[in-house]
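Student: A predicted structure for the sequence below; I have some questions about it.
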Amino acid sequence: MSFLPELDSYEDRVDEIHRLCDGLPEPNKRMLELLLAHLERVAANSERNMMSVSNLGVCFGPTLLRAEEETVAAIMDIKFANVVVEILVENWRRLMNSAYRPGQGGAAANRYNTVVLAETRMVWKKCN
C-alpha cells in the first residue's frame with residue numbers, strides 16, 4: 001500500500017486499485033464484490049448508523065489489508081489501508097468491472113453496474 005502516496009491523483013489511485021483487484025482469483029474477487037456491495041449499503045445509511053465511507057475505512061482498513069508482519073512501517077501504513085477501503089467502497093462497481101480500463105467510465109461501467117446490482121439484490125433476498 002505504500003504505492004498510494006506516490007500516485008498523484010485520485011484517479012491514478014483508483015486505476016491502480018482496479019489493476020490489483022483485476023488480478024485477484026475469481027472466488028476472492030466475488031467475495032470482495034459482495035462485501036463492498038454490503039458496505040455501500042451501510043454507508044448509504046450513515047445518517048442513522050454513523051458509518052460513513054471514512055468510518056468504514058477506519059474499521060475495515062486494518063482488518064482487510066493487514067501487513068504480514070507488524071512493524072512500525074506497517075503501523076504507519078494503516079492510514080493508507082483506510083484510504084484503500086474508502087476507494088473500494090466508493091468505486092467498487094467500476095473496480096470490479098473487468099471490462100473497465102483506466103480513464104474509462106460511462107456506458108460500460110453502467111451496464112456492469114446494472115448486472116451486479118441485480119445479482120446483489122438476489123443474494124440479499126436469499127439472506128433475509
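Tutor: Nice, I can see it. Numbering: from 1, shown residues only.

Student: Going by neighbour count, which residues in the host helix or strand of Leu39 are buried?
Tutor: In this structure, Leu39 sits in helix 26-44 according to DSSP states H and E. The neighbour-count check on helix 26-44 (16 or more other Cβ atoms under 10 Å) flags Lys29, Leu32, Glu33, Leu34, Leu36, Ala37, Leu39, Glu40, Val42, Ala43 as buried. C-betas here are computed from N, CA, C, even on glycine.

Student: With stretch 51-66 instead?
Tutor: Neighbour counts over stretch 51-66 (16+ other Cβ under 10 Å) mark Met51, Val53, Asn55, Leu56, Gly57, Val58, Phe60, Gly61, Pro62, Leu65 as buried.

Student: between the residues you listed, which is nearest Pro25?
Tutor: Leu65 (17.1 Å; Cβ to Cβ).

Student: Good, wrapping up.
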